[in-house]
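*Asks:* what follows is a predicted protein model with its sequence.
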Amino acid sequence: MEIAIIGGGIGGLTTALGLKQCGKAVTVYEGAPEIKPVGAGIIMANNAMQVFEKLGIRNRVENAGCKISRIKITDVRLNTLSETELTPFENKYGVYNVAIHRADLQKILASEIGFEHIKLSKRLVRIEQENDFKLIFEDGTSANTDVIIGADGIKSVVRNELFKTGKIRDTKQRCWRGVSELDPTSRFDHEAFESWGKGKRFGFTKIAENSIYWYAVINESLMNEHADIIGLFSEFHPEIINMIAGTPKNNVIFSDIIDLAPIHQWQHGKVCLVGDAAHATTPNMGQGACQAIEDAYIIGKLFGQEKSPQEVFTQYEALRKKKAHFIVNTSWRLGKVAHYQNSVAVWFRNTLMRAIPQSVSKKQLNKVFDIDYT
Ligand SMILES: Cc1cc2nc3c(=O)[nH]c(=O)nc-3n(C[C@H](O)[C@H](O)[C@H](O)COP(=O)(O)OP(=O)(O)OC[C@H]3O[C@@H](n4cnc5c(N)ncnc54)[C@H](O)[C@@H]3O)c2cc1C
């Protein structure tokens with residue numbers, strides 16, 4: 001049985017690794033000419049690291065990145081509004097949250113799969129279906145396969161071709177991401193920060209010695225075509241400004257913050273969707289890729305039990321949908337609160353953030369980090 005995975009992002013590569021480890025013949029077809037990650041850094045939360053532990057790559061990921069043991073929400077001057085300790089989860093699950101450069105993570109995944117299983121410059125444009133599937137690529141070539149896993153992101157061709165569904169929602173928030181090579185002060189060690197302002201926020205965390213990954217998000221209505229990022233975030237702490245200033249301009253990535261309105265069909269017969277193709281979320285909970293990694297874990301686990309693809313995909317959808325949609329919906333709401341523009345609403349929000357007991361965020365994180373699907 002030949003399994004084709006369309007898309008060599010974090011979701012597709014992790015799925016390929018899970019399938020390879022249970023002895024399945026798998027080929028990844030990636031549209032880009034190289035495994036080139038879009039985005040600067042990424043946080044692999046505890047749930048993703050638990051999967052990496054099971055796949056045997058936890059140490060490689062941990063060693064290539066920086067551990068995070070505390071998450072701080074602050075105001076624009078870096079005064080703490082709320083603080084979440086991750087140590088209880090480290091003790092419970094035996095793994096850390098890890099911030100890593102996306103390129104390093106994808107390099108680890110690709111090398112574990114073996115480059116001979118990854119076909120580059122193979123952009124899928126069409127699927128024909130007879131006894132098996134015929135994948136037609138942009139370069140005029142084609143390939144036959146028995147099973148398709150669509151890991152081709154929020155604008156998935158597999159989803160559009162075979163499921164004919166998926167409404168992309170625009171949050172009207174815009175985002176820049178970068179990696180600053182400034183020498184960060186050690187006070188940022190093992191912490192992830194998010195500074196909330198009025199209709200804008202700035203997050204950052206160390207991903208290696210001497211490099212900090214940062215993202216800056218702003219309501220579209222506050223954007224001015226002439227203002228640069230520093231101008232737009234001028235009221236933020238000087239250390240934040242230094243991070244932006246210390247990043248080469250052509251290494252800064254700009255994107256719209258969008259998601260996929262929850263869809264209820266992720267599979268049909270011998271085809272299924274994983275990661276952003278099935279349940280793209282806004283990045284407010286830092287869970288998009290982590291959820292793709294959980295998909296990969298469940299699919300690998302079910303194939304390892306020698307079930308048919310139809311059984312695997314039906315059970316995968318039933319097991320994963322509730323949690324993935326919880327993330328999409330909670331993250332969407334969180335994004336609205338973090339971007340209040342009105343001064344009174346911001347004051348009220350910040351006061352409330354200071355008052356929320358740790359037990360509340362702990363309860364929510366318990367739900368997010370738990371990967372026990374039995
Ligand atoms: C600002 C921001 C910050 C984020 N931070 C985090 C974070 O800290 N933690 C986290 O877990 N998540 C985070 N995310 C979300 C995360 O980036 C995504 O959820 C994740 O990358 C999804 O992985 P994927 O493999 O499903 O899709 P993608 O990463 O979109 O990969 C899809 C792959 O398919 C390929 N492809 C597309 N179309 C075709 C085609 N037709 N044929 C062949 N190949 C194709 C693409 O080239 C790409 O390589 C963030 C997102 C944003 C926007």
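*Replies:* Yes, it's here.

*Asks:* OK, contacts around residue 347?
*Replies:* Residues near residue 347 by Cβ atoms under 8 Å, 6 or more residues apart in numbering: none. Using the backbone N, CA and C atoms, a C-beta is placed for each residue, glycine as well.

*Asks:* in this structure, which helix is the longest?
*Replies:* Ranked by residue count, the top helix of the chain under DSSP state H comes out as helix 309-338.

*Asks:* what about the closest residue to residue 265 other than its chain neighbours, neighbour count?
*Replies:* Closest residue in space to residue 265, ignoring its immediate chain neighbours: residue 163 at 6.0 Å, by Cβ to Cβ, 6 or more residues apart in numbering. Residues contacting residue 163 under the criterion other Cβ atoms under 10 Å number 20.

*Asks:* list the contacts of residue 163.
*Replies:* Listed by Cβ under 8 Å, 6+ apart, the contact set of residue 163 reads 263, 265, 268, 273.

*Asks:* quick one: the strands in the stretch 51-200 of the chain, in order.
*Replies:* 66-68, 70-74, 80-85, 97-101, 118-119, 124-129, 133-137, 142-145, 147-150, 168-180, 191-196, 200-208 (DSSP state E, counting those that start in this stretch).

*Asks:* run through the residues of this protein sitting next to the ligand.
*Replies:* Residues of the chain lying near the ligand by Cβ under 6 Å from any ligand atom: 6-12, 29-32, 39, 42-43, 123-124, 151-153, 157, 175, 177, 215, 255, 275-276, 283, 286-290, 292.

*Asks:* so of these, which ones are in helices?
*Replies:* 10-12, 157, 276, 288-290, 292.

*Asks:* which of the residues you listed are buried?
*Replies:* Buried members of those, counted by 16 or more other Cβ atoms under 10 Å: 10-12, 157, 276, 288-290, 292.

*Asks:* show me which pair in these is furthest apart.
*Replies:* Across those, the longest distance by Cβ to Cβ is 23.8 Å; it joins 157 and 290.

*Asks:* pretty sure residue 34 is in a helix, no?
*Replies:* No. Counting by DSSP: H, G, I helix; E, B strand; the rest coil, residue 34 is not found in a helix; it is coil.

*Asks:* run a quick neighbour tally on it.
*Replies:* Neighbours of residue 34 using other Cβ under 10 Å come to 11.

*Asks:* report the contact partners of it.
*Replies:* residue 120.

*Asks:* any idea how far residue 131 is from it?
*Replies:* Look at residue 34 and residue 131: by Cβ to Cβ, to the nearest Å, they are 34 Å apart.

*Asks:* wait, what's in contact with the residue of the stretch 101-250 of the chain found nearest the ligand?
*Replies:* The ligand sits closest to residue 153 of the stretch 101-250 of the chain, with a gap of 2.8 Å, by Cβ to the nearest ligand atom. Counting by Cβ under 8 Å, 6+ apart, residue 153 touches 7, 9, 275-277, 280.

*Asks:* apply 7 Å and report the result again.
*Replies:* 7, 9, 276-277 (Cβ atoms under 7 Å, 6 or more residues apart in numbering).

*Asks:* pLDDT weak spots in the stretch 101-250 of the chain?
*Replies:* Low-confidence segments of the stretch 101-250 of the chain (pLDDT under 70): 183-186, 226.

*Asks:* can you rerun that using 80?
*Replies:* When residues are selected by pLDDT under 80, those of the stretch 101-250 of the chain lie in 182-187, 224-227.
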